[in-house]
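Student: Coordinates only, no sequence provided:
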């Protein structure tokens, strides 16, 4: 029997526990062989990864240290007496093992896996095993079951409305901040559009990062609901609201492993939208040689998978394939993207036209979900809502409702121009490379870091003319970005 | 720039690092998204998993805490100044990703993966991804490349002898402690047999656990070499000598995930034998309905895989299929097994005959590797070495050389007899179930815990007669084991 001691270590999403190497009557080395222990107090128990400490001031010989997650999830006071045992792996791991050997799983098996994942009973290693096994082969029925299971384990919002719309882009295109234009347009028309977004993990900015330049995005579920009730819309970070706990855990492993299969994408996106209470959804799939989806054929396969699952789970969905051949807009990085978005909303003369047109197209599709609208009238309505300034007003109210950003973010003071080595016409821009350069410059952590594209595909440039400007908030960031840009600018120029 | 601070946390095999939540100029949450950071000081760097601490006394705002592994591997003094960055994943992960999508890897790619694994550049999650991807499909050439790569990254012992023999059993049969009889027989003949063994992880005892009842098994590489030079043999725990660092890391993930494919088994066993400097090897594959290898057909496939790889890496190998239908010997658990082993070596009348015969058979095969021996004379020589007491003497010298056990281990005082519910003949004994009951009783951590089988397959029993006795060192252990035995005894009895 050991006494609980809280250890102020945050090892999200994993439960961690700490045993003193000379613990009374326990052989920490033996316990550790299976990496996980079960910590039990009467009828409550959690699984936790075990580390051994040699510091008796951290955990005494008659104590078990619990990291912050484990302590919270066990829910007992410090000093409570628990017993520990080698963890019995979750039963659903048997199904994972069968999946590894090539089996197809039933909906019940997938539900039990996802239930255990959401309850933090899987270690990252076990989650990785499940994801990799699924990556090698997954039927559409399994994808459907995964979507349902992920939506079922979390909370589900209910907006008490027949029509709750949303949009989602599968990503991969730098500067593609259409949500920040589409949401105010749609809200200005009066449809409910509660949009939660991610922060960038491997890209130079996520919608949440860019929106944060203008407003508070770190809202609780209650704050989010209040904003939606008032403004019909929200543009918040989805990380705090825990709508899809299983997906959050899966993503914490998918990201570092860069597992990005269509099946996982469909299940992740659609389950999240179900949890968010959406009924109608536009999915944007950019297709291009350096985008996430590279060919039309792949895009069709992904579209059909979205349609199949959406139909089965009762979501009305419209999947659109868009041009993913180059970055969207001019700015890449939070401050630069916010500048572009506001230019479009303000109908400024220098607003990037591709970002504007793309947003109008997507907004138009969403507006068509409104049964009161005449078929085909969506696009014109979107144009009207934008040019009349009503979308801008909706955005201004949204910023006010979420709380305007109090910290002023400026552009990075360290700058470098990347110029054309030869005259000609811009034939291609490598989305991947441009994203990497912007990240090296410091985006999204340094909000004022990034890239401003002065020329896009089709543009004619002179030798020595600036193709894009790198902004950084530190000399180091600028140097890293410049070094990669020197190696390859990402621009293809034909004479 | 942060200063290094050692944190007394042992998170083997993983490098762990700790950043204070309010660290100067760093956003720990952002870094953590990819779970791993790179810690650099001039031209040395390591990768480490990042946890966040809220305890400023553990790690200050201008410090980075390093767990014991990370601190040792970076090799700098406390207070040394380092910089941190989001880790660039090891390049070889690209090959892992290709393997996930179904590709076959080249020998170079496998070498680069194994090199990174051995250098602790992979997280458990990434190792899991590699193993699961390999579990779904692996060519024999990939298995060969994996074996070579694993042998190459570690040290390789050189015994300066043409003939260095060894044996290995693929496992799964409780009580199968033939190594402790085979090694002294072979050593008594004068062949070099440096046998390292594992401790039990999921079974009731490993050879190292049982040998430890008699002698010290926790030897350094130097101690092991000294014993072999003196006695031609050793029976040591392999965990300390770090002969096969990549295999140690892979196993630390295979075990909890219970990934146990033939390909991994072949690569793991043969690479370890290569590292240990063996030249000639007998592999024992027990085949039985509750063993690891369940059918003759599977056993043949495994045998061929062993033969293919062994031949390519220059190991002379003899693969034997043995009866794996029931436990071997009578005792299961360290003390009980040590009793059986010594009974055989002492030629005691009550020595379990199956353990004796099996050991003589395997020893005979190994002795046949001696070119001086007439073909077919191995078995008779083994019998002679055993019955003459020379094998016992060799064991006594080995115990002396390794250091006799100073702690006396007795049988557990808590006992329970499992009896036959009906009269008849013992038709089957479930290896899995018996192993689980013995583990629940406390084996191998409690050395005196385990099971003593009073009847084996073929034996006639009366109703109420004791089938086996459970020994435990605590009432809890006895209760757990008894509860499972009540549910199912593991014995099939036909009238």
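Tutor: All right, it came through fine. Treat the numbers as computed from the prediction; the structure is a model and nothing was measured. Numbers count the residues shown, from 1 in each chain, chains lettered A, B, ... in the order given.
Student: and residue A:46, what are its bridge partners?
Tutor: Taking DSSP bridges, one finds residue A:39 as the beta-bridge partners of residue A:46.
Student: Please name the residues that touch it.
Tutor: A:15, A:38-39, A:70, A:73-74, A:120 (Cβ atoms under 8 Å, 6 or more residues apart in numbering or on different chains). The way it works is simple: take the backbone N, C-alpha and C, and place the C-beta from them, glycine included.
Student: Adding neighbour count, secondary structure and pLDDT, write these out as JSON lines.
Tutor: Formatted as JSON lines, the contacts of residue A:46 follow (neighbours: other Cβ atoms under 10 Å in any protein chain shown; DSSP: H, G, I helix; E, B strand; the rest coil; pLDDT from 0 to 100):
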{"residue": "A:15", "neighbour count": "26", "secondary structure": "coil", "pLDDT": "89"}
{"residue": "A:38", "neighbour count": "18", "secondary structure": "strand", "pLDDT": "89"}
{"residue": "A:39", "neighbour count": "25", "secondary structure": "strand", "pLDDT": "93"}
{"residue": "A:70", "neighbour count": "26", "secondary structure": "helix", "pLDDT": "92"}
{"residue": "A:73", "neighbour count": "17", "secondary structure": "helix", "pLDDT": "89"}
{"residue": "A:74", "neighbour count": "20", "secondary structure": "helix", "pLDDT": "92"}
{"residue": "A:120", "neighbour count": "19", "secondary structure": "coil", "pLDDT": "83"}
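Student: What about the residue of the stretch 301-450 of chain A found nearest chain B, how many residues nearby?
Tutor: Residue nearest to chain B within the stretch 301-450 of chain A: residue A:445 (5.3 Å; Cβ to the nearest Cβ). Residues lying near residue A:445 (other Cβ atoms under 10 Å in any protein chain shown) number 17.
Student: got the phi/psi numbers for it?
Tutor: phi -60, psi -40 (degrees, to the nearest 10).
Student: Report pLDDT for it.
Tutor: Residue A:445 is assigned a predicted lDDT (pLDDT) of 85.
Student: Ok, residue A:31 next?
Tutor: Residue A:31 carries a pLDDT value of 67.
Student: what's the answer for the one 5 residues further on, then?
Tutor: With respect to pLDDT, residue A:36 scores 81.
Student: Count residues in the vicinity of the closest residue to it other than its chain neighbours, would you?
Tutor: Leaving out its chain neighbours, the residue that sits closest to residue A:36 by Cβ to Cβ, 6 or more residues apart in numbering or on different chains is residue A:87, at 3.9 Å. As a burial measure, residue A:87 scores 22 neighbours (other Cβ under 10 Å).
Student: and what of residue A:379?
Tutor: 17.
Student: just checking, it touches residue A:362?
Tutor: No - using Cβ atoms under 8 Å, residue A:379 makes no contact with residue A:362, being 9.9 Å away.
Student: quick one: contacts for the closest residue to residue A:22 other than its chain neighbours?
Tutor: Spatially, and ignoring its direct neighbours in sequence, residue A:22 is nearest to residue A:61 (5.5 Å; Cβ to Cβ, 6+ apart). Contact partners of residue A:61, counting by Cβ under 8 Å, 6+ apart, are A:20, A:22-24.
Student: Apply the buried test to these and list what passes.
Tutor: By neighbour count, with 16 or more other Cβ atoms under 10 Å in any protein chain shown, those hold A:20, A:23 as buried.
Student: out of the contacts of residue A:61, who's nearest residue A:450?
Tutor: residue A:20 (48.0 Å; Cβ to Cβ).
Student: gap between the closest one and chain B?
Tutor: 10 Å (Cβ to the nearest Cβ, to the nearest Å).
Student: if we can go back for a sec, any chance of the contacts of residue A:61 in JSON lines, plus secondary structure and pLDDT?
Tutor: Output for the contacts of residue A:61, formatted as JSON lines (DSSP: H, G, I helix; E, B strand; the rest coil; pLDDT from 0 to 100):
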{"residue": "A:20", "secondary structure": "strand", "pLDDT": "91"}
{"residue": "A:22", "secondary structure": "coil", "pLDDT": "78"}
{"residue": "A:23", "secondary structure": "coil", "pLDDT": "79"}
{"residue": "A:24", "secondary structure": "coil", "pLDDT": "72"}
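Student: Specify which member of the contacts of residue A:61 is nearest to residue A:468.
Tutor: residue A:20 (55.7 Å).
Student: give me the beta-bridge partners of the closest one?
Tutor: Beta-bridge partners of residue A:20, as defined by DSSP bridges: residue A:53.
Student: which residues touch it?
Tutor: A:28, A:52-56, A:58-61, A:63.
Student: next one: residue A:187
Tutor: By Cβ under 8 Å, 6+ apart, residue A:187 lies in contact with A:193, A:231-233, A:394, A:398.
Student: Before we move on, what's the pLDDT of residue A:337?
Tutor: Confidence score, pLDDT, at residue A:337: 98.
Student: wait, residue A:69
Tutor: 89.
Student: so it makes contact with residue A:120?
Tutor: Yes - counting by Cβ under 8 Å, residue A:69 touches residue A:120, with 7.2 Å between them.
Student: For whichever residue of the stretch 51-200 of chain A sits closest to chain B, give me its contacts.
Tutor: Proximity of the stretch 51-200 of chain A to chain B (Cβ to the nearest Cβ) peaks at residue A:55, 3.7 Å away. Shown in contact with residue A:55 (Cβ under 8 Å, 6+ apart): A:20, B:7-9.
Student: got these as TSV, with secondary structure and distance to residue B:299 columns?
Tutor: Putting the contacts of residue A:55 into TSV (DSSP: H, G, I helix; E, B strand; the rest coil; distance: Cβ to Cβ, whole Å) gives the following:
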residue	secondary structure	distance to residue B:299
A:20	strand	45
B:7	coil	48
B:8	coil	47
B:9	strand	44
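Student: any chance of those in a markdown table, plus distance to residue A:176?
Tutor: Shown next, in a markdown table, are these (distance: Cβ to Cβ, whole Å):
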| residue | distance to residue A:176 |
| --- | --- |
| A:20 | 51 |
| B:7 | 42 |
| B:8 | 47 |
| B:9 | 42 |
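Student: So which of those residues wins on neighbours?
Tutor: Result: residue B:9 is most packed of the contacts of residue A:55 (other Cβ under 10 Å), 28 neighbours.
Student: Which strand residues bridge that one?
Tutor: Applying DSSP bridges, one finds that residue B:9 bridges with residue A:53.
Student: correct me, but it touches residue B:68?
Tutor: Yes - contact criterion Cβ under 8 Å: residue B:9 and residue B:68 qualify, at 6.5 Å.
Student: quick one, strands of the stretch 201-350 of chain A?
Tutor: A:233-237, A:280-287, A:316-323, A:331-332 (DSSP state E, counting those that start in this stretch).
Student: Export the ones you listed to a markdown table and append columns for mean pLDDT, distance to chain B and mean neighbour count.
Tutor: A markdown table is the format used below for the strands of the stretch 201-350 of chain A (pLDDT from 0 to 100; distance: least, Cβ to the nearest Cβ, whole Å; neighbours: other Cβ atoms under 10 Å in any protein chain shown):
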| stretch | mean pLDDT | distance to chain B | mean neighbour count |
| --- | --- | --- | --- |
| strand A:233-237 | 95 | 12 | 27 |
| strand A:280-287 | 97 | 20 | 24 |
| strand A:316-323 | 97 | 23 | 17 |
| strand A:331-332 | 98 | 18 | 32 |
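Student: So for residue B:268, which of these sits nearest?
Tutor: strand A:280-287 (43.3 Å).
Student: for that closest one, packing partners?
Tutor: strand A:165-169, helix A:262-275, helix A:296-313, strand A:316-323, helix A:353-367 (3 or more Cβ pairs under 8 Å, 6 or more residues apart in numbering or on different chains; DSSP states H and E).
Student: Residues in contact with the second one: which ones?
Tutor: Defining contact as Cβ under 8 Å, 6+ apart, one finds that helix A:262-275 is touched by A:131, A:134-135, A:138, A:142-143, A:146-151, A:154-157, A:166, A:168, A:170, A:196, A:238, A:243-244, A:246-247, A:250-251, A:254, A:281, A:283, A:298, A:301-302, A:305-306, A:309-310, A:313, A:315.
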